[in-house]
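Peer 1: sequence plus predicted model, see below.
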Amino acid sequence: MMTNRFWRNGRNVMAIAVFTVLLSGNSSAETDAPEKPSLLSSARILEDYDGVPNRNLDEWKKDIAAYSLRHYGVSKWELSPKAIILHYTATAGFPLNLIESRSFQNEAPGVASHFVIAEDEGHGVVYQILPLDVMSRASFGANFCSISIEIVALNEEDLLKKEATLDTVIALVREVMARYEIPLERVYGHSEIDAFLAKNPHGEFFDNTIQGSFVPRKVDPGPRVMARVRFALGGEQRVESGEQ
């Protein structure tokens with residue numbers, strides 16, 4: 001089942017959505033159980049984490065629209081999601097840079113994803129950073145079309161040990177796919193986007209600031225993680241190219 005609860009930090013009480021994904025082996029219990037609440041409809045935009053406030057949305061929209069003009073040739077902050085991209089944070093805890101950074105690589109805005117998924121006492125926890133109709137800055141070359149989900153883990157090995165985290169990732173991705181009619185073949189790992197850019201930096205995924213060839217630099221969340229996610233979502237597809 002999935003439950004909502006309060007998260008208490010050291011200085012205040014912050015209401016966030018906490019979603020527990022439990023697997024039951026009792027088929028009759030599953031048949032009789034009430035319908036699980038939607039992760040998306042239960043989610044709320046994070047106000048702060050441990051006293052650090054989430055970013056100002058009006059400022060973000062202005063900065064990401066200017067970023068979009070430089071990188072994609074059009075000034076806009078609006079997002080119509082056509083893809084989902086998974087990442088890991090390379091941290092042991094919540095990545096504060098996703099809510100407090102103001103620039104990255106000497107350019108505004110800072111970095112921010114739509115969701116962060118962490119684990120607390122064996123339960124998956126979903127934090128929503130940005131509205132789903134607002135462009136993030138998390139996936140170079142694909143921010144203009146994608147919803148980004150950051151998963152708290154040091155690396156692929158660490159992430160594969162986090163059963164509740166992965167179950168929550170899969171549940172959230174399934175809901176996003178359904179809401180926006182995104183097919184499984186458009187659920188990507190961050191490293192796969194880099195590979196598309198290396199193959200063709202001005203193809204379906206592109207960035208106008210790329211001059212010459214593009215050198216891949218991302219390894220997250222890893223091929224084994226993506227294979228597990230894809231299998232759980234109904235297939236073992238591995239995307240071979242960015243051409244659709």
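Peer 2: Great, that's in hand. Numbers count the residues shown, from 1 in each chain.
Peer 1: what helix or strand is Trp60 on?
Peer 2: helix 57-72 (DSSP states H and E).
Peer 1: do Asn208 as well
Peer 2: Going by DSSP H and E, Asn208 is not part of any helix or strand.
Peer 1: quick one, grab the pLDDT at it.
Peer 2: We note a pLDDT of 97 for Asn208 in this prediction.
Peer 1: do the one 10 residues further on as well
Peer 2: Taken from the predicted model, the pLDDT recorded for Lys218 is 97.
Peer 1: run through the residues that contact it.
Peer 2: Contact partners of Lys218, counting by Cβ atoms under 8 Å, 6 or more residues apart in numbering, are His190, Ser191, Ile193, Asp194. All C-beta spots, glycine's among them, are computed from the backbone N, C-alpha and C.
Peer 1: contact partners of whichever helix or strand comes after the helix holding Trp60?
Peer 2: Sequence order places strand 83-88 as the next helix or strand after helix 57-72, per DSSP H and E. The contact list for strand 83-88, computed with Cβ under 8 Å, 6+ apart, reads 113, 138-139, 142, 145-156, 158-159, 169, 173, 176-177, 182, 186-190, 193, 220-222, 225-226, 229.
Peer 1: and those, which of them are in helices?
Peer 2: By the criterion of DSSP state H, membership of these in helices covers Glu156, Asp158, Leu159, Val169, Val173, Val176, Met177, His190, Ile193, Val225, Met226, Val229.
Peer 1: so the last one makes contact with Val169?
Peer 2: Same thing as Val229. Yes - the pair Val229 / Val169 is scored as a contact, 6.6 Å apart, by Cβ atoms under 8 Å.
Peer 1: who's more crowded, those two?
Peer 2: With neighbours defined as other Cβ atoms under 10 Å, Val229 and Val169 compare such that Val169 has more, 25 against 20.
Peer 1: that one reaches Val152, doesn't it?
Peer 2: No - applying Cβ under 8 Å as the test, Val169 and Val152 come out as separate, 10.6 Å apart.
Peer 1: overlap in contacts of these two?
Peer 2: The contact sets of Val169 and Val152 overlap at Ile117 (Cβ under 8 Å, 6+ apart).
Peer 1: just to revisit the earlier point, would you format the contacts of Lys218 as TSV with distance to Lys62, pLDDT and neighbour count included?
Peer 2: Formatted as TSV, the contacts of Lys218 follow (distance: Cβ to Cβ, whole Å; pLDDT from 0 to 100; neighbours: other Cβ atoms under 10 Å):
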residue	distance to Lys62	pLDDT	neighbour count
His190	26	98	24
Ser191	31	98	18
Ile193	25	98	24
Asp194	28	98	22
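Peer 1: of all the residues you listed, which comes closest to Ala65?
Peer 2: Nearest to Ala65 out of those is Ile193 (Cβ to Cβ; 21.4 Å).
Peer 1: relative to Asn208, how far out is the closest one?
Peer 2: Per Cβ to Cβ, to the nearest Å, Ile193 is found 16 Å from Asn208.
Peer 1: check Ala178 too.
Peer 2: To Asn208, Ala178 is 32 Å away according to Cβ to Cβ.
Peer 1: next one: Glu163
Peer 2: Glu163 is 41 Å from Asn208, by Cβ to Cβ.
Peer 1: again with Ser113
Peer 2: Counting by Cβ to Cβ, the gap from Ser113 to Asn208 is 22 Å.
Peer 1: contact partners for the residue nearest to Ile99 when sequence neighbours are not counted?
Peer 2: Spatial nearest neighbour of Ile99, excluding adjacent residues (Cβ to Cβ, 6 or more residues apart in numbering): Asn54 at 4.8 Å. Applying Cβ under 8 Å, 6+ apart to Asn54 gives the contacts Ile45, Leu46, Glu47, Asp48, Ile99, Ile129.
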